[in-house]
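Undergrad: Compute the structure for the input listed below.
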Amino acid sequence: MSLDSSFYAAEKSMSSVRSTFGERQGSEFWQGMRDFLLFMVEQGVFGAEAVGFARITDSAEEAVDLIVRSLPPALKTGLRPIEARVV
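TA: Predicted coordinates:
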């Protein structure tokens, strides 16, 4: 299975997540949490660097790419595509 097929499998999985959460995409879904975290930073509860690690995307492909790129090289070499499952 190619990397493109893996992305397709991820997109199929995300479609089941979308049906659970409605049609709200990642940016819309997480907006409340983002606002809360920014408020907490403004209140001095914690620093901006403590919440600056997250990235919100509306694309399953981008999410997979961000995760794979953040993995240590030794772990990346052992990755193998999974078979797509129809949910």
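Undergrad: switch to C-alpha atoms for all contacts and neighbour counts from now on
TA: Will do.
Undergrad: quick one: low-confidence ranges for the chain?
TA: Where the chain drops to pLDDT under 70, the residues are 1-23, 53, 87.
Undergrad: Which residues lie in contact with the residue sitting nearest the centre point of the chain in this structure?
TA: Geometric centre of the chain, nearest residue: residue 63, 4.1 Å, by CA atoms, centre = their mean. Going by CA atoms under 8 Å, 6 or more residues apart in numbering, residue 63 touches residue 57.
Undergrad: ok, which stretches of the chain are strands?
TA: Counting by DSSP state E, the chain has no strands at all.
Undergrad: What's the separation between residue 30 and residue 50?
TA: Going from residue 30 to residue 50 by CA to CA, to the nearest Å gives 17 Å.
Undergrad: who has more neighbours, the two?
TA: Counted by other CA atoms under 10 Å, residue 30 and residue 50 do not tie: residue 30 has more neighbours, with 13 against 10.
Undergrad: what's the nearest residue to that one if we skip its chain neighbours?
TA: residue 56 (7.7 Å; CA to CA, 6 or more residues apart in numbering).
Undergrad: Give me the distance from stretch 25-43 to the chain's centre.
TA: 15 Å (CA atoms, centre = their mean, to the nearest Å).
Undergrad: Give me the contacts around it.
TA: By CA under 8 Å, 6+ apart, the list of residues contacting stretch 25-43 reads 18, 46-48, 51, 56-59.
Undergrad: Same list (those residues) but as JSON lines, adding distance to residue 86.
TA: Shown next, in JSON lines, are the contacts of stretch 25-43 (distance: CA to CA, whole Å):
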{"residue": "18", "distance to residue 86": "15"}
{"residue": "46", "distance to residue 86": "42"}
{"residue": "47", "distance to residue 86": "43"}
{"residue": "48", "distance to residue 86": "40"}
{"residue": "51", "distance to residue 86": "35"}
{"residue": "56", "distance to residue 86": "26"}
{"residue": "57", "distance to residue 86": "23"}
{"residue": "58", "distance to residue 86": "21"}
{"residue": "59", "distance to residue 86": "19"}
